[in-house]
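> sequence isn't available, so here's the structure alone:
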């Protein structure tokens, strides 16, 4: 079980998760929502490969959709 998937009252885990990223030069602002739009996490993540991987490794691999703002010169 990862940090963001908590069992529901019926014992099942949330089926879909949605991740939105706002990219900055030194950090990402990342919000994780469940299928009903409830914010499960809103974090500032250092913009380096190790920290970004650590954050995303806590998310389920299936049924997770990730979107990123349209950005100019900043990237991850």
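Done, it's in. Computed from a predicted structure; not experimentally measured.
> and the helices in this protein?
For the chain, applying DSSP state H gives helices covering 49-57.
> low-scoring stretches of the chain, by residue?
Residues of the chain meeting the criterion pLDDT under 70: 1-14, 72-76.
> can you pull out the strands in it?
Along the chain, counting by DSSP state E, strands occupy 17-23, 27-34, 39-46, 64-68.
> against which helices or strands is the shortest one packed?
In terms of contact count using 3 or more CB pairs under 8 Å, 6 or more residues apart in numbering; DSSP states H and E, strand 64-68 is assigned the packing partners strand 17-23. Where C-beta positions appear, they are placed from N, C-alpha and C, glycine not excepted.
> give the buried residues for the strand it packs on.
Using 16 or more other CB atoms under 10 Å as the test for burial, strand 17-23 gives 17, 18, 19, 21, 23.
> tell me how far it lies from the chain's centre.
In terms of CA atoms, centre = their mean, to the nearest Å, the centre of strand 17-23 is found 5 Å from the chain centre.
> tell me the strands beside that strand, with direction?
Here strand 17-23 has these sheet partners by DSSP bridges: strand 27-34 (antiparallel), strand 64-68 (parallel).
> which among the ones you listed is found nearest to residue 52?
Closest of these to residue 52 is strand 27-34, at 6.8 Å (criterion: CB to CB).
> what's next to that closest one, contact-wise?
When contacts are defined by CB atoms under 8 Å, 6 or more residues apart in numbering, strand 27-34 is touched by residues 4, 14, 16-22, 39-47, 52, 55, 59, 76.
> what does stretch 40-47 give?
Contacts for stretch 40-47 (CB under 8 Å, 6+ apart): 3-4, 17, 23-34, 51-52, 55, 74, 76.
> out of these, which are buried?
Among the contacts of stretch 40-47, those scoring as buried are 4, 17, 23, 27, 28, 30, 32, 33, 34, 52, 55 (criterion: 16+ other CB under 10 Å).
> partner residues bridging the closest residue in space to the last one that isn't next to it in sequence?
What that stands for is residue 55. Using CB to CB, 6 or more residues apart in numbering and skipping the chain neighbours, the partner closest in space to residue 55 is residue 45 (4.8 Å). Counting by DSSP bridges, residue 45 is bridged to residue 28.
> please consider this matter closed, and thank you.
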